[in-house]
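> give me coordinates for this.
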Amino acid sequence: MRAVIQTHKNVNYVFAGSKQDLLLNMVRDKSRAFYQMGKITMLGKIPRDEFTPFLRDKFLRTRYSVLVDTINHILDIVDDFPHNAQFLCHEIWELQRDKRKINFEDVEKALMKILKNSSQLYLNLWDALNLLQRRILTALAREGTIGLFSKDKIVRYDLSTPASAQTAIKSLQKKGIVDRENGNYFFSDVFFKHWISKYIIA
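This next block holds a predicted model:
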């Protein structure tokens, strides 16, 4: 592919996606075909003051009634990730086709449907993890990434040692379960986080 691209003139190529490690390795790994090819641009999340009216407008165009607070609740659930927002909004849209009115309860209902439909997949994923990896994900789902390797959380979640916890979370990165941005770890699949919160922690 690189050999073909190099013969083209006056053409730009964009490789984009949410898997940052995959994309960065593609251009930083000397053994990869696209090593040092092109410029790296890191895009942040869509600002909430732009994302909220965009989603609300999409509902209104199909004659669905929804408040700004409800849209913000959707974005809170999906951590402002566009793909996750699209997935959840589509499920809400389908569930409310008769009512065409969306409230907080409808959002939760759609979320629970997604979790139920994905439950076997997530259960298989969970069962394949070792105990320390599960404890890391439990801590991450419950409290987020801040202070994840602090003495307090190491003791609270029985994470052995900070070094062991860091090794475990790196293995979760390699599995594609956890990702990292600006030093913060987060679930690659936000719905897996909610599944853990509702079915494992609860």
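> tell me what the lowest-mean-pLDDT helix or strand in the chain is packed against?
Every helix and strand in the chain was compared by mean pLDDT, DSSP states H and E; the lowest is helix 20-28, with a mean of 75. Secondary-structure packing of helix 20-28 (3 or more C-beta pairs under 8 Å, 6 or more residues apart in numbering; DSSP states H and E): strand 178-181. No exception for glycine: its C-beta is placed from N, CA and C like everyone else's.
> average pLDDT for the helix or strand just after the strand it packs on?
Remark: after strand 178-181, the chain's next helix or strand is strand 184-187, criterion DSSP states H and E. Mean pLDDT, strand 184-187: 92.
> which residue ranges form the helices in this protein?
Along the chain, the stretches classed as helices by DSSP state H are 2-5, 20-28, 48-61, 68-77, 82-95, 104-117, 119-127, 131-143, 151-156, 162-174, 190-195.
> any chance of those in CSV, plus mean neighbour count and distance to residue 181?
Below are the helices of the chain laid out as CSV (neighbours: other C-beta atoms under 10 Å; distance: least, C-beta to C-beta, whole Å):
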stretch, mean neighbour count, distance to residue 181
helix 2-5, 9, 27
helix 20-28, 14, 7
helix 48-61, 14, 17
helix 68-77, 17, 17
helix 82-95, 17, 15
helix 104-117, 16, 23
helix 119-127, 13, 21
helix 131-143, 19, 14
helix 151-156, 13, 20
helix 162-174, 16, 11
helix 190-195, 21, 13
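> adding distance to residue 38, write those helices out as JSON lines.
JSON lines is the format used below for the helices of the chain (distance: least, C-beta to C-beta, whole Å):
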{"stretch": "helix 2-5", "distance to residue 38": "10"}
{"stretch": "helix 20-28", "distance to residue 38": "7"}
{"stretch": "helix 48-61", "distance to residue 38": "27"}
{"stretch": "helix 68-77", "distance to residue 38": "31"}
{"stretch": "helix 82-95", "distance to residue 38": "23"}
{"stretch": "helix 104-117", "distance to residue 38": "36"}
{"stretch": "helix 119-127", "distance to residue 38": "33"}
{"stretch": "helix 131-143", "distance to residue 38": "33"}
{"stretch": "helix 151-156", "distance to residue 38": "39"}
{"stretch": "helix 162-174", "distance to residue 38": "24"}
{"stretch": "helix 190-195", "distance to residue 38": "29"}
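> between these, which gets the lowest average pLDDT?
Ranked by mean pLDDT, these end with helix 20-28 at the bottom, a mean of 75.
> what does it rub up against?
Applying C-beta atoms under 8 Å, 6 or more residues apart in numbering, the contact partners of helix 20-28 are 15-17, 32, 34-38, 40, 42, 173, 179-181.
> nearest to residue 11, of the helices of the chain?
When those are compared by C-beta to C-beta, helix 2-5 sits nearest residue 11, at 8.0 Å.
> where's residue 50 relative to residue 75, distance?
Per C-beta to C-beta, to the nearest Å, residue 50 is found 11 Å from residue 75.
> returning to that earlier point: tell me which of the helices of the chain lies nearest to residue 201.
Among these, helix 131-143 comes nearest to residue 201, with 6.0 Å by C-beta to C-beta.
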